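Asker: need a 3D model of the following:
(chains A, B, C and D)
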Protein chains: 2
Amino acid sequence: MEMTLIGLRLLREVAERGTFTAAADALGYTQSAVSRQIAALEQAAGSRLFDRYPGGVRLTGPGRALLRHAVVALDALEAADRELSGAKEAGRGRVRLGFFPAAGAVMIPRTLATLRREHPRLHVATREGTTPSLARALRAGTLDLALLSSRPPHRSPDTDDPPLSVEPLLEGRLLVAVPADGPFGERGSVDVDEIAAAPWIAGPGSPDEPVLGVWPGLPGRPEVRHTARDWLTKLHLVAAGAGITTIAPTLLPAVPAGVRLVPVEGVAEEIRRISLVRLPGPLGEPTRTLVQAVRQVAADLGQLPGCEG
Amino acid sequence: MEMTLIGLRLLREVAERGTFTAAADALGYTQSAVSRQIAALEQAAGSRLFDRYPGGVRLTGPGRALLRHAVVALDALEAADRELSGAKEAGRGRVRLGFFPAAGAVMIPRTLATLRREHPRLHVATREGTTPSLARALRAGTLDLALLSSRPPHRSPDTDDPPLSVEPLLEGRLLVAVPADGPFGERGSVDVDEIAAAPWIAGPGSPDEPVLGVWPGLPGRPEVRHTARDWLTKLHLVAAGAGITTIAPTLLPAVPAGVRLVPVEGVAEEIRRISLVRLPGPLGEPTRTLVQAVRQVAADLGQLPGCEG
DNA sequence: GGTGGGCATGCGGAATCCTCATGGAGGCTC
DNA sequence: GAGCCTCCATGAGGATTCCGCATGCCCACC
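Answerer: Okay, here's the model as predicted:
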């Protein structure tokens, strides 16, 4: 039996997605093909690479070992492709950053602007994702660094071994985005009783996650009148008076006219912490440069009301 | 089009052998299969990887570029195989050394003994070969270091770019191995006229190389009475009085009873230089350790008569 | 207990890959 | 300079592999 490039790519993708089906969709195969390919790879490797659970699969020890080498091999071939495609190797100045959705409007653009100014030769690739998907991507070697958001008690992003390295950057109180010309906007704050009855604009919501966008722990059944994943959509819905939504203070610089961010009174603060997460171990020079830039951006944002560096 | 592991392995093997046919034989394929696989790889890469010449093929620029990455990928997968086969990663203490045949009896065993004593955890793999094959192996990333022999004017082992790094270790006069109890052996030296008529024991000889084992530039047509590649065979043939052969002084410690090494009088000295050759660039720690050991062994051998460190 | 997400597997068809054989091009010998 | 040898390219045929479709099974959740 013999390992295959397709098998190794699938190994990485399955490790990253956590599911044969998702990996198949991502790479344009059927679930059946993935199942066979992984089975073949397991036979070639001589050991089971994934433990199968009802909800998906998880890497075994040998699976992690093979993945570590597979990532090196696949990266080398991708580098070969880039080089042969004419793109000169820019001195290995490549780093891949993942981020949670709310970081995309302010933190990521500012970081990229800083880097373009101070390290113009550094090539940064970014990707949005959920906490579990980004954590898996870090483990799969598809990302070098991830910007994640967490709520107390700030558990580690995953439970695998070895634990990910987590560096807290800043914390902020969760706020509510309200129309500037509405009754809330003019007061500068809202009471928890007022928002309980207000129409909400929430994210699409998924089975295992709590609904994002609605203030957590509200009494009764809050009405979700609109759902949207996109922040620009949500904020302009707010500006149009269609409803309100929760928001982190770090998004303040990107809020369009007609929207105000206000704190909620009469209830315990909701704290959100933004952290820089990576695999433990030494990091390359491009990654270190990126870490510095993200820290600097975070420090600047720490000056905003409701934030703490 | 898509690259294949088989294609990459073939790329490396062809680069190392210099010929589709030889690579095919080495890997158990047909020449036809190799030709197609390389053609497919060239299509996948988008550029010609080898220049075809009547005597074989040579890497193009893109070919070298792809090979550089392919070696990384293949090494990673071979490391994965080793790790999955139970062999624990011995702290990356692996180094591969190539050597010219006459180094196999003394220099290589001494080097390994030294290393086993002083660095027992270092894993050294060695391989015998001709100068061109070892040079190609260095370029193909299959060897980390090579011990090569050269004669004046000591040209570089190959003409590729970038030039190989060559560190001369020691030089020695070419000697002649004669029976200890024969007429030559008792005198301690021989004259060029005497050996011209003697029966010689030579190597098998190949079309493009001069015959090894016969004193170069002898007048007339020396008689090659026996041919053998193996040094133990050759030396015992000498001891049996079947003929004489040329030999480097570094082999002295391995010469069996009944054989003497004597210089040739009446003709210009034939100098052989032994060098340590590697790819330019930084070398890993295991390789550095091996370099030190080889230098030490060479320095010891430099004390032999006819040798100079 | 029904339902749904997720993995495994039998089956058929298509694409791939390898071998055998032949052809062409260029050097080397005599 | 003719013949020969080595080396690479390519057409044809056959066996293998690989993928997709469909189905079955298992487990968690409601």
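Asker: for chain A, which spans come out with low pLDDT?
Answerer: A:87-92, A:185, A:204-211, A:220, A:306, A:309 (pLDDT under 70).
Asker: write out the residues of it neighbouring chain B.
Answerer: A:2-5, A:8, A:45-47, A:62, A:65-66, A:68-70, A:72-74, A:76-77, A:79-80, A:83-85 (CB under 8 Å from any CB of the partner chain). From N, CA and C alone the C-beta is placed, and that goes for glycine too.
Asker: DNA strand C contacts on chain A?
Answerer: Contact residues (CB under 7 Å from any atom of the strand) of chain A with DNA strand C: A:19-22, A:31-32, A:35-36, A:38-39, A:52, A:54-57.
Asker: which among the residues of chain A next to chain B end up buried?
Answerer: A:3-5, A:8, A:45, A:62, A:65-66, A:69-70, A:72-74, A:76-77, A:79-80, A:83-84 (16 or more other CB atoms under 10 Å in any protein chain shown).
Asker: go back to these and keep what's next to DNA strand D.
Answerer: Within those, those near DNA strand D by CB under 7 Å from any atom of the strand are residue A:4.
Asker: so which of the buried ones among the residues of chain A next to chain B belong to helices?
Answerer: Among these, DSSP state H puts A:5, A:8, A:45, A:62, A:65-66, A:69-70, A:72-74, A:76-77, A:79-80, A:83-84 in helices.
Asker: what's stretch A:26-35 in contact with?
Answerer: A:9-10, A:13-14, A:17, A:20-21, A:23-24, A:37 (CB atoms under 8 Å, 6 or more residues apart in numbering or on different chains).
Asker: out of the residues you listed, which is nearest to chain B?
Answerer: residue A:9 (10.4 Å; CB to the nearest CB).
Asker: list the contacts of that closest one.
Answerer: A:27, A:74.
Asker: how close does it get to DNA strand C?
Answerer: 15 Å (CB to the nearest atom of the strand, to the nearest Å).
Asker: ramachandran coordinates for the residue nearest the centre of chain A?
Answerer: Most central in chain A under CA atoms, centre = their mean is residue A:100, positioned 3.0 Å from the mean C-alpha point. When read as degrees, to the nearest 10, the backbone of residue A:100 gives phi -80, psi 150.
Asker: where exactly do the strands run in the stretch 51-200 of chain A?
Answerer: A:56-59, A:94-99, A:123-128, A:145-150, A:165-173, A:175-179, A:190-191, A:200-202 (DSSP state E, counting those that start in this stretch).
Asker: turn those into TSV, columns for mean neighbour count and distance to residue B:246.
Answerer: Formatted as TSV, these follow (neighbours: other CB atoms under 10 Å in any protein chain shown; distance: least, CB to CB, whole Å):
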stretch	mean neighbour count	distance to residue B:246
strand A:56-59	18	60
strand A:94-99	22	55
strand A:123-128	16	58
strand A:145-150	22	62
strand A:165-173	18	63
strand A:175-179	25	89
strand A:190-191	18	98
strand A:200-202	21	88
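Asker: residue A:161 and residue A:67, how far apart?
Answerer: Residue A:161 sits 13 Å away from residue A:67, taking CB to CB, to the nearest Å as the criterion.
Asker: who has more neighbours out of those two?
Answerer: Taking other CB atoms under 10 Å in any protein chain shown, residue A:161 and residue A:67 do not tie; residue A:67 has more neighbours (23 against 7).
Asker: count the residues that sit near the closest residue to the more buried one other than its chain neighbours.
Answerer: The shortest distance from residue A:67 to any non-neighbouring residue, by CB to CB, 6 or more residues apart in numbering or on different chains, is to residue A:15 (5.5 Å). Close neighbours of residue A:15, defined as other CB under 10 Å, add up to 26.
Asker: please apply the same query to residue A:284.
Answerer: 13.
Asker: residue A:231 contacts residue A:101, correct?
Answerer: Yes. Using CB atoms under 8 Å, residue A:231 is in contact with residue A:101, at 7.1 Å.
Asker: tell me which of the two has more neighbours.
Answerer: Neighbour count, other CB under 10 Å: between residue A:231 and residue A:101, residue A:231 has more, with 20 against 15.
Asker: show me what contacts the nearest residue to that one once chain neighbours are set aside?
Answerer: Residue nearest to residue A:231 in three dimensions, not counting chain neighbours: residue A:105, with 5.7 Å by CB to CB, 6+ apart. Residues near residue A:105 by CB under 8 Å, 6+ apart: A:231-232, A:251, A:254.
Asker: which two among those residues are spaced furthest apart?
Answerer: For the contacts of residue A:105, the maximum inter-member distance is 10.9 Å, found between A:232 and A:251 (CB to CB).
Asker: neighbour-wise, which of these two wins?
Answerer: Taking other CB under 10 Å, residue A:232 and residue A:251 do not tie; residue A:251 has more neighbours (23 against 11).
Asker: what is the neighbour count of the closest residue to residue A:122 other than its chain neighbours?
Answerer: Sequence neighbours aside, residue A:93 is the residue nearest to residue A:122 in space, at 4.7 Å (criterion: CB to CB, 6+ apart). If you count neighbours by other CB under 10 Å, residue A:93 ends up with 16.
Asker: return the distance of residue A:93 relative to residue A:290.
Answerer: Applying CB to CB, the value for residue A:93 to residue A:290 is 10 Å.
Asker: joint contacts of the two?
Answerer: Common neighbours of residue A:93 and residue A:290 (CB under 8 Å, 6+ apart) are residue A:122.
Asker: chain A: helices as residue ranges?
Answerer: Assigned by DSSP H, chain A shows helices spanning A:5-17, A:20-27, A:31-45, A:61-84, A:107-118, A:131-140, A:183-187, A:192-196, A:231-239, A:285-301.
Asker: so which of these gets nearest residue B:276?
Answerer: Closest to residue B:276 of the helices of chain A is helix A:61-84 (CB to CB; 27.5 Å).
Asker: which elements pack onto that closest one?
Answerer: If you count contacts as 3 or more CB pairs under 8 Å, 6 or more residues apart in numbering or on different chains; DSSP states H and E, helix A:61-84 packs onto helix A:5-17, helix A:31-45, helix A:131-140, helix B:61-84.
Asker: what's it in contact with?
Answerer: By CB under 8 Å, 6+ apart, helix A:61-84 touches A:5, A:8-9, A:11-12, A:15, A:41, A:45, A:47-50, A:59, A:89, A:139-142, B:3, B:8, B:45-47, B:62, B:65-66, B:68-70, B:72-74, B:76-77, B:79-80, B:83-84.
Asker: quick check: the gap between residue A:117 and residue B:177.
Answerer: For residue A:117, the distance to residue B:177 - CB to CB - is 72 Å.
Asker: including distance to residue A:272, could the helices of chain A go into CSV?
Answerer: Shown next, in CSV, are the helices of chain A (distance: least, CB to CB, whole Å):
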stretch, distance to residue A:272
helix A:5-17, 25
helix A:20-27, 27
helix A:31-45, 36
helix A:61-84, 31
helix A:107-118, 13
helix A:131-140, 12
helix A:183-187, 21
helix A:192-196, 17
helix A:231-239, 15
helix A:285-301, 12
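Asker: check these for me and report the most buried one.
Answerer: Burial of these is given as mean neighbour count (mean count of other CB atoms under 10 Å in any protein chain shown); helix A:5-17 ranks first at a mean of 23.
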